[in-house]
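Engineer: just coords:
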């Protein structure tokens, strides 16, 4: 029962993280999400039941398969239409329906359908919630012994295969969204900094940020020197800072937190100083959509390489934006996993369609439409030709990009109940950085499922 409840409560997850393609977003209130779950549960359950009741096809008839994709904007719609056409063209025995679903509805629909053992045959699942949605009952098909001869084993980067492993078994192909280091060249010049040379260490980032931050006469930070999240998703900039400081996971293989290690404590102190010294303001104090950087309100940021970059190219002076791989051999990844529902009534056909979605051809098309980074070595030249300068940065990051650690069933609990609220207490001065870390440990140890 506890695990079923945990599945239902994944609706509290941040839309930005589930999508892993729309920026940092803001933390949703748990009680509001629970109410939203109750209100839409019946509709979601009806949808899930409809998806799971597809009858077995007779010989010679097409098999009806369904897939869900997070997002309902024009880009998501175009991508879903492409998948339908491509899968049906390459798999004549399949009648494919790919549904783009608004982010406001998607978490609830996934939670309810998986808890009920139904849902679409294939779905895109936010990367950090993979284990949480999968649950100990294994909602997603284990694929190791079902992909004999699959070209992806050799063509996809090994770290990307590893990212899709839960409990030692491969369950999904990641469409990654990476976080390059971005900076505003004009603001660098105005502050007397070299516009072609970004900072290379935590200390340098802080020094640069102090020079770049702009605080008005009312004490409001109007230009952040370095953007960090203040309203939810604090795990994302913390993870980036940990990478820059040489830390390669947020927890160990037994899901024990590593936040008390000196290198991580330094990152938490850095994060707090950015806020306390008004180098970055509180995002929820401004009426904006998207990140500070995209709104021209930050000089430096680790922004996503997906929709954010598409928006920057459309709405900013792109020639005035500098970008490079983060100053570390380590780098984090977000994105969406393509997984197969264990409740599918057509496993063979679902695997067949899954292979099309995870092909190099489809990954390139997704990069063109949506913005995820292809993980297949065989299409690197074509991906590079799409945008030689920027995509070369992404390809530099790709071979080492990884998630926070082994897939953690308690990640949503860690982020939403332990880390984000405690960071908020630190930001307003109620807790010191060490007290913040201690409280996160205490909450996590008391409430986590996997001990």
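Structural biologist: Arrived safely. Treat the numbers as computed from the prediction; the structure is a model and nothing was measured. Numbering: from 1, shown residues only.

Engineer: going forward, measure contacts between C-alpha atoms and count neighbours the same way
Structural biologist: Noted.

Engineer: Could you check the helix or strand hosting residue 89 and say which residues are buried?
Structural biologist: Assigned by DSSP states H and E, residue 89 falls within helix 74-90. Neighbour counts using 16 or more other C-alpha atoms under 10 Å place 75-77, 79-84, 86-88 of helix 74-90 among the buried residues.

Engineer: same question, stretch 184-201
Structural biologist: For stretch 184-201, by 16+ other C-alpha under 10 Å, it's 184-188, 191, 193, 195, 198-199.

Engineer: Could you tell me the end-to-end distance of that stretch?
Structural biologist: 18 Å (C-alpha to C-alpha, to the nearest Å).

Engineer: what does stretch 361-378 give?
Structural biologist: Per C-alpha to C-alpha, the first residue of stretch 361-378 is 10 Å away from its last.

Engineer: what about residue 226, which SS state?
Structural biologist: Following DSSP: H, G, I helix; E, B strand; the rest coil, we place residue 226 in the coil state.

Engineer: can you pull up the bridge partners for the residue lying closest to it once chain neighbours are set aside?
Structural biologist: Take residue 226 and drop its neighbours on the chain: the residue closest to it by C-alpha to C-alpha, 6 or more residues apart in numbering is residue 300, 4.7 Å away. Judged by DSSP bridges, the bridge partners of residue 300 are residue 183.

Engineer: Let the chain start at 50 from now.
Structural biologist: OK, 50 is where the count begins now, so the last one is residue 349.

Engineer: I'd say residue 349 and residue 235 touch.
Structural biologist: No. Contact status for residue 349 versus residue 235: not in contact, 11.5 Å apart, counting by C-alpha atoms under 8 Å.

Engineer: Now do the helices in the stretch 50-199 of the chain.
Structural biologist: Applying DSSP state H, counting those that start in this stretch to the stretch 50-199 of the chain gives helices spanning 51-57, 64-68, 79-101, 123-139, 155-164, 179-183.

Engineer: The stretch 200-349 of the chain too?
Structural biologist: Applying DSSP H, counting those that start in this stretch to the stretch 200-349 of the chain gives helices spanning 201-204, 207-212, 234-239, 251-261, 284-293, 311-325.

Engineer: now for the ones you listed, which one comes closest to residue 405?
Structural biologist: With C-alpha to C-alpha as the measure, helix 201-204 is the member of the helices of the stretch 200-349 of the chain nearest residue 405 (11.1 Å).

Engineer: quick check: mean pLDDT across that closest one?
Structural biologist: For helix 201-204, the mean pLDDT works out to 98.

Engineer: Give me the buried positions along that helix.
Structural biologist: For helix 201-204, by 16+ other C-alpha under 10 Å, it's residue 201.

Engineer: With adjacent residues omitted, what lies nearest to residue 220?
Structural biologist: With sequence-adjacent residues excluded and distances taken as C-alpha to C-alpha, 6+ apart, residue 220 is closest to residue 191, at 5.0 Å.

Engineer: For that neighbour, give me its contacts.
Structural biologist: By C-alpha atoms under 8 Å, 6 or more residues apart in numbering, the residues touching residue 191 are 218-220.

Engineer: Could you tell me the model confidence score at it?
Structural biologist: So, for residue 191, pLDDT stands at 97.

Engineer: For the chain, which segments count as strands?
Structural biologist: With DSSP state E as the criterion, the chain has strands at 112-119, 143-150, 171-175, 214-215, 218-219, 221-227, 230-233, 263-264, 270-272, 349-350, 370-373, 380-389, 450-451.

Engineer: so which of those strands comes closest to residue 407?
Structural biologist: Nearest to residue 407, of all these, is strand 221-227, at 6.8 Å by C-alpha to C-alpha.

Engineer: Give me the distance from that closest one to the chain's centre.
Structural biologist: 9 Å (C-alpha atoms, centre = their mean, to the nearest Å).

Engineer: what number of residues lie near the nearest residue to residue 359 once chain neighbours are set aside?
Structural biologist: Nearest non-adjacent residue to residue 359, counting by C-alpha to C-alpha, 6+ apart: residue 420, 7.5 Å away. Residue 420 has 23 neighbours, counted by other C-alpha atoms under 10 Å.

Engineer: Tell me the backbone dihedrals of residue 420, please.
Structural biologist: The phi/psi pair for residue 420 (degrees, to the nearest 10) reads phi 120, psi 10.

Engineer: Next one: it from residue 143, what distance?
Structural biologist: Going from residue 420 to residue 143 by C-alpha to C-alpha gives 27 Å.

Engineer: Repeat that for residue 360.
Structural biologist: 35 Å.

Engineer: Looking at those two, which is more packed in?
Structural biologist: Higher neighbour count among residue 360 and residue 143: residue 143, with 20 against 14, using other C-alpha under 10 Å.

Engineer: Does the more buried one touch residue 398 like I think?
Structural biologist: Yes. Using C-alpha under 8 Å, residue 143 is in contact with residue 398, at 7.2 Å.

Engineer: Need the residues touching each of the two.
Structural biologist: Listed contacts common to residue 143 and residue 398 are 112, 114; contacts here mean C-alpha under 8 Å, 6+ apart.

Engineer: From residue 147, how far out is residue 406?
Structural biologist: Going from residue 406 to residue 147 by C-alpha to C-alpha gives 11 Å.

Engineer: Name the residues contacting each of those two.
Structural biologist: Joint contacts of residue 406 and residue 147 (C-alpha under 8 Å, 6+ apart) are residue 132.

Engineer: Retrieve the pLDDT associated with residue 81.
Structural biologist: As predicted, residue 81 sits at a pLDDT of 30.

Engineer: Apologies, that question was intended for residue 103.
Structural biologist: Per-residue confidence (pLDDT) for residue 103: 40.

Engineer: What of residue 60?
Structural biologist: Note on residue 60: pLDDT of 47.

Engineer: Now pLDDT, neighbour count and distance to residue 342 too, for the contacts of residue 191, in CSV please.
Structural biologist: Formatted as CSV, the contacts of residue 191 follow (pLDDT from 0 to 100; neighbours: other C-alpha atoms under 10 Å; distance: C-alpha to C-alpha, whole Å):
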residue, pLDDT, neighbour count, distance to residue 342
218, 95, 14, 38
219, 97, 19, 36
220, 97, 28, 35
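
Engineer: Which of these sits closest to residue 499?
Structural biologist: Of the contacts of residue 191, the one sitting nearest to residue 499 (C-alpha to C-alpha) turns out to be residue 218, at 17.4 Å.

Engineer: separation between that closest one and residue 388?
Structural biologist: Separation of residue 218 from residue 388 (C-alpha to C-alpha) stands at 13 Å.

Engineer: Show me the shaky parts of the stretch 100-249 of the chain.
Structural biologist: 100-109 (pLDDT under 70).
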